[in-house]
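Engineer: Pasting a predicted model and its sequence here:
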Amino acid sequence: MSPDFQSLYRSLKHWAETATASGWLSPQTAEALDAIEQQQVSELFRKTPHRPLIVGLFGGTGVGKSSLLNRLAGEEIARVGVERPTSHEVTLYLHKDFKLDLLPPDLPMSNTRIAYHGKPERRLIAWLDMPDIDSTATENQQIVRSWLPYVDWIIYVVSPERYYDDIGWRFLQDRAGRHAWVFVMNHWDQGREEQIEDLRRRLQAEGFKDPLILRTIGIPNGQPDDFDRLEQIINDAINNYGLDILQQLGIQARNRDLRQLAEDFAAELGEDSGWEQAARDWRNTVGDQLEQIANNLETQTEAQTQGFLARQTVQKRSLLARLREPEETTPAIADTDKLVQSLWDSRNQARLDALNEQLMNELQEKRLPWRACEKPLEALRRKAVITMEQALTDGITAAMLKPGNALQRALYRITGTLTWLLPTAAAIWAVYHLVTTFYLGTHGEARFLGVNFLLHAGMLIALGALIPWLLHIKVKPSIADTVRRGLKTGIDTGIARLRQQYEETWRTCLSNRKRQLETLEKLEQEIARLEAEPLQELGGLMQSSDKS
């Protein structure tokens, strides 16, 4: 596995972990990363600058893998028999120069036998005799799965009696593009040419486009076969292509897996068209539900306002108290807070929760990553109480500062001034007239004022106070109307703020998705660049499978 692949794998895994934590990726999809093979053959030979070609012999029960291995090795390294030990274990045969290092923990070493040789002509090849993979023992298949990532070349062995038994090569079929492949019809001295063609048709039908099929005899008996060609093909592959090219098969396959997984991740983030439709539905749902909440608040306003005014009413009997009444119209802050809290109650909070749930359901119905918007909506939910209460309080405060309309406030100020200006002017006139008349009377130039003057002067002063006071009371802005108007303004403002917060939440979700996509697209480009590196063709040895 090249460092580039390792780096890309770690980057994609980090992206997947982050995306899963933020709700953009489901844990089940992210777990697919663990299924990508990261093993490499070089892990078996970390202390050796060069390594041999790892050739694995696979096949069903009784096809003669062990006898073929003995012939390839030139000595008896695999024990032959119906219940041979290698039926349930792996035999690794390699040159003594390639001492295995500390083996990876995923390899079943308790089921592995290692045999060394000193033959220089076979120095660059290591053979693996694998367990019978058509066995009913599931342990055998698990052993094979553990060793497969460390195999460069698959030699799949069949026999004339068992070639039609496809359990084994179907088990390996998904690895067609990860290894060089050769199919061997062993025990050829018991076979017929039409069996080769039948096997070829079977393999082609399963996606092996041009399978290379050779004929061998496990124990030579003088009959000609393709054994020399098999050895020559392997030696030529090492000489012509080199181990780096052969190992690149598995690396390229892993790159394809990584790219496919990145595409799956991108698909889970949703198509742009789906998000565009979701945006329209989001705004429509938010608009409809917030309008319903606003209507419910306005309905509650009338009942809550009447109760609030009843608590604020103070019966005032004296004229002086009546005259001071305009100064006492502003409700106490504690009372307005209670009124606001009584409006945004648990029922309205429940309606908001239902809105959030509906938004999540709509995203889920469109198969979009709804969990990514769940946390922002929960934060909005917690902030909604403060938003609405602040808007309602601000609305009442602003209304109390400017009750009624501009003309009404102007008349109220004028009549308020007249309530003291007119009686004061009348009193001044009466006092002046009284003093001047008294002065003239003491000099015998006029008659002293009598009771009639006193009565008329008193009436003038009283009327000067009463008439503007009555007008003042008449034009006084209504507390009920002021509170209602303040609450209406607060409701409109609060709902508008909530609508804006929902819009900001949506934009935040889209912005987060864009960042996730941009990061993922960069990784996909790097994976594609690595995958696009030229790979030398291996003739008919590199197979592909169109079926899985």
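Structural biologist: Great, that's in hand. The model shown is predicted, which means the values in this text are computed figures rather than measured ones. Residues are numbered from 1 along each chain as shown.

Engineer: max-length helix in the protein?
Structural biologist: helix 479-531 (DSSP state H).

Engineer: tell me what that one is packed against?
Structural biologist: helix 3-21, helix 242-268, helix 272-312, helix 333-343, helix 371-401 (3 or more Cβ pairs under 8 Å, 6 or more residues apart in numbering; DSSP states H and E). Placement of C-beta: from N, CA and C, glycine included.

Engineer: Output the contacting helices and strands for the next helix or strand after the shortest one.
Structural biologist: Taking DSSP states H and E as the definition, the helix or strand that follows helix 333-343 towards the C-terminus is helix 346-365. In this structure, helix 346-365 makes packing contacts with helix 272-312, helix 371-401, judged by 3+ Cβ pairs under 8 Å, 6+ apart.

Engineer: OK, contacts around the residue nearest to Pro403 when sequence neighbours are not counted?
Structural biologist: Once flanking residues are discounted, Pro403 sits nearest to Pro477: 3.5 Å by Cβ to Cβ, 6 or more residues apart in numbering. By Cβ atoms under 8 Å, 6 or more residues apart in numbering, the contact set of Pro477 is 403-404, 408-409, 412.

Engineer: Look at Pro477 and give its secondary structure.
Structural biologist: coil (DSSP: H, G, I helix; E, B strand; the rest coil).

Engineer: That one and Glu302, how far apart?
Structural biologist: 18 Å (Cβ to Cβ, to the nearest Å).

Engineer: What of Lys366?
Structural biologist: 40 Å.

Engineer: do Asp152 as well
Structural biologist: The separation that Asp152 has from Glu302, given Cβ to Cβ, amounts to 84 Å.

Engineer: ok, now Gln408?
Structural biologist: According to Cβ to Cβ, Gln408 stands 22 Å off from Glu302.

Engineer: now do Thr508
Structural biologist: Counting by Cβ to Cβ - Thr508 and Glu302 are separated by 37 Å.

Engineer: Give me the more crowded residue out of those two.
Structural biologist: Thr508 (15 against 11; other Cβ atoms under 10 Å).

Engineer: dump the residue contacts of the nearest residue to the more buried one once chain neighbours are set aside.
Structural biologist: Closest residue to Thr508 apart from its sequence neighbours, by Cβ to Cβ, 6+ apart: Pro376 at 5.5 Å. Neighbouring residues of Pro376 by Cβ under 8 Å, 6+ apart: 505, 508-509.

Engineer: Let's see that with 10 Å instead.
Structural biologist: Contact analysis of Pro376 by Cβ atoms under 10 Å, 6 or more residues apart in numbering lists 23, 501-502, 504-506, 508-509, 512.

Engineer: What of Val286?
Structural biologist: Listed by Cβ under 10 Å, 6+ apart, the contact partners of Val286 are 355-356, 358-359, 498-499, 501-503, 505-506.

Engineer: Present those residues as a markdown table; the columns should include pLDDT.
Structural biologist: Formatted as a markdown table, these follow (pLDDT from 0 to 100):
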| residue | pLDDT |
| --- | --- |
| Leu355 | 93 |
| Asn356 | 93 |
| Gln358 | 94 |
| Leu359 | 94 |
| Leu498 | 94 |
| Arg499 | 94 |
| Gln501 | 94 |
| Tyr502 | 95 |
| Glu503 | 95 |
| Thr505 | 94 |
| Trp506 | 95 |
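
Engineer: Mind checking which of the residues you listed are buried?
Structural biologist: Listed as buried from the contacts of Val286 are 355-356, 359, 498, 501-502, 505-506; burial here means 16 or more other Cβ atoms under 10 Å.

Engineer: Look at Gln28 and report its pLDDT.
Structural biologist: On the pLDDT scale, Gln28 is placed at 88.

Engineer: Repeat that for Thr419.
Structural biologist: Predicted confidence (pLDDT) for Thr419: 85.

Engineer: how deep is it tucked in, by neighbour count?
Structural biologist: Residues lying near Thr419 (other Cβ under 10 Å) number 22.

Engineer: list the contacts for it?
Structural biologist: 323, 326, 464-473.

Engineer: got it, and Glu193?
Structural biologist: By Cβ under 10 Å, 6+ apart, Glu193 lies in contact with Arg215.

Engineer: Contact partners for Leu463?
Structural biologist: 422-423, 426.

Engineer: Could I get those in a markdown table, plus columns for secondary structure?
Structural biologist: Below are those laid out as a markdown table (three-state DSSP):
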| residue | secondary structure |
| --- | --- |
| Leu422 | helix |
| Pro423 | helix |
| Ala426 | helix |
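
Engineer: Quick check: the farthest pair among the contacts of Pro376?
Structural biologist: The distance between the two most remote of the contacts of Pro376 (Cβ to Cβ) is 19.2 Å, for Gly23 and Gln501.

Engineer: Am I right that Ile114 sits in a helix?
Structural biologist: No - per three-state DSSP, Ile114 lies outside any helix segment and is strand.

Engineer: That one pairs with what?
Structural biologist: With DSSP bridges as the criterion, Ile114 is bridged to Leu92.

Engineer: what about Leu44, neighbour count?
Structural biologist: Count around Leu44 with other Cβ under 10 Å applied: 22.

Engineer: count of neighbours near Thr112?
Structural biologist: 17.

Engineer: and it, how far is that from Asn140?
Structural biologist: Distance of Thr112 to Asn140, computed by Cβ to Cβ: 13 Å.

Engineer: what do the two both touch?
Structural biologist: The contact lists of Thr112 and Asn140 share 89-90, where a contact means Cβ under 10 Å, 6+ apart.

Engineer: least trustworthy helix or strand in the protein by mean pLDDT?
Structural biologist: Of all the helices and strands that make up the chain, helix 319-324 has the lowest average by mean pLDDT, DSSP states H and E, namely a mean of 45.

Engineer: Contact partners for Leu359?
Structural biologist: If you count contacts by Cβ under 10 Å, 6+ apart, Leu359 has them with 278, 281-282, 285-286, 289, 370, 373-374, 377, 502, 505-506.

Engineer: what about Tyr163, which SS state?
Structural biologist: coil.

Engineer: what's the helix or strand for the closest residue to it other than its chain neighbours?
Structural biologist: Closest residue to Tyr163 apart from its sequence neighbours, by Cβ to Cβ, 6+ apart: Leu199 at 4.9 Å. Using DSSP H and E, Leu199 sits in helix 193-205.
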